[in-house]
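Chemist: Below are the sequence and a predicted model for it; my questions follow.
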Amino acid sequence: MNPGRLSPTINNLMIDKIQGAIQHWSCNFLSYAGKLQLINAVVFGLENFWCSALLLPLYVTRMVNKLCKDFFWGIIAGQRNMSYKSWNSICAPWGEGGFNVKELLSWNKALLSKWVWQLTTHRDCLWDSWSLTYNLKGKSIWEGHALTCHGESWRDIIKVKDALLELAGSKNAAFFMLNSCVSHGKFMVGRAYSLFRQCRPKLRWTIPLRSDSILPKHRICVIGRAEDDLLSLTTSTGGVLCSSIDVAFVWLLKSLIDICFSDAPSLNSWRNILSGCSVAGMVYAIWEERNNRLFGGIQATPEMVASKLQSILKIRLSDNQHPRIRQWLDFTN
């Protein structure tokens, strides 16, 4: 590679591609769940190509985060719009109250840490042999330095190595930290990602919400509306969501969470699958009815809401072969 730093023109290629894709998507009416799918699948698919080879400059990560944040909250051409969660909260995993979007800078470091791990294991491949001979001069990666004659990618690998040493505190601790990310001889980037990102407290009640049987928009509604900042909006005198319907909704949501999710044992139990789908669907149905009444002047009966929810649950759980869930489906038919 060119030993000089990459020019802004090359760095802007990724920004231009993401910006072009987002401008195309903004023409469509997408739910929050649909926007998250596009951000995770397309945007971070483009980023992975760059992040696996280079440590992106800080201005690039900030610009990409801003593009994704504006797209998610529906901010177009600088138009102001309300953001109910910070982008850092959205980037947290489901189990920590976030929407499971990768935090770009930490993900970038996690991808590059794989190269550091490869140089510690002395794997029999051409790149490892070349790096050990010409870049490290036979030294350990922990003693390696970046010189002006080295390429941009090697200097970025050394930066990630230094970040690992700073996190661990010593060479031995950094070595064991990297080895903790290995499973069956393969480096797990997801585990390395947890080393670099800022972890938040685990929320036990979110365990049932991680089931694949739950509709993404239902999961986002529960996790997004369970935040205390929504409660403060609904109970403040000057908030935009002040109404008796909002206060009742938040009270109902927190009551359902306390009753159903306070003692969730495991993700794959039939109780968690059924309670997660039922409560998440119920919360979404009530939230949708709340919006229809406040903004559309449309009011449905409780029987209509319950019937619609029951139909959605039957479709989502129709492929599940657990005897208890099959028994519930037969009972509701």
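Modeler: Yep, it's here.
Chemist: Send over stretch 98-110 as PDB, restricted to the C-alpha atoms.
Modeler: In PDB, the C-alpha atoms belonging to stretch 98-110 read as follows (Å, rounded to 0.1, in the frame of the first residue of the first chain):
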ATOM      1  CA  GLY A  98     -30.600  -0.600  22.600                       C
ATOM      2  CA  PHE A  99     -31.500  -1.500  19.000                       C
ATOM      3  CA  ASN A 100     -28.400  -3.700  18.300                       C
ATOM      4  CA  VAL A 101     -26.700  -1.300  15.800                       C
ATOM      5  CA  LYS A 102     -22.900  -1.600  15.600                       C
ATOM      6  CA  GLU A 103     -21.000   1.400  17.100                       C
ATOM      7  CA  LEU A 104     -18.700   2.200  14.200                       C
ATOM      8  CA  LEU A 105     -15.400   3.100  15.900                       C
ATOM      9  CA  SER A 106     -15.500   0.100  18.200                       C
ATOM     10  CA  TRP A 107     -16.500  -2.300  15.400                       C
ATOM     11  CA  ASN A 108     -13.600  -0.900  13.300                       C
ATOM     12  CA  LYS A 109     -11.100  -1.700  16.100                       C
ATOM     13  CA  ALA A 110     -12.600  -5.100  16.700                       C
END
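Chemist: I'd like the average pLDDT over it.
Modeler: Stretch 98-110 shows a mean pLDDT of 91.
Chemist: Check stretch 120-137 too.
Modeler: 82.
Chemist: can you check stretch 318-328 too?
Modeler: pLDDT averaged over stretch 318-328 gives 81.
Chemist: Now find how far off-centre that stretch is within its chain.
Modeler: 30 Å (Cα atoms, centre = their mean, to the nearest Å).
Chemist: And the contacts of that stretch?
Modeler: Here stretch 318-328 makes contact (Cβ atoms under 8 Å, 6 or more residues apart in numbering) with Ser213, Trp270, Ile273, Leu274, Leu317, Leu329. Backbone N, C-alpha and C define where each C-beta goes, glycine included.
Chemist: what are the ranges of the strands in this protein?
Modeler: 182-183, 186-187 (DSSP state E).
Chemist: Listing partners with orientation, what would you give for the first one?
Modeler: The sheet places strand 182-183 alongside strand 186-187 (antiparallel), with pairing taken from DSSP bridges.
Chemist: still on that earlier bit, which one of the strands of the chain lies nearest to Gly281?
Modeler: Closest approach to Gly281 among the strands of the chain (Cβ to Cβ): strand 182-183, 34.7 Å.
Chemist: who's in contact with the nearest residue to Trp50 once chain neighbours are set aside?
Modeler: Nearest non-adjacent residue to Trp50, counting by Cβ to Cβ, 6 or more residues apart in numbering: Met14, 5.4 Å away. Contact analysis of Met14 by Cβ under 8 Å, 6+ apart lists Leu46, Glu47, Trp50, Leu56, Val60, Val64.
Chemist: contacting residues for the second one?
Modeler: Glu47 makes contact with Met14, Ile18, Leu56, Val64, Leu104, Trp107, Asn108 under the criterion Cβ under 8 Å, 6+ apart.
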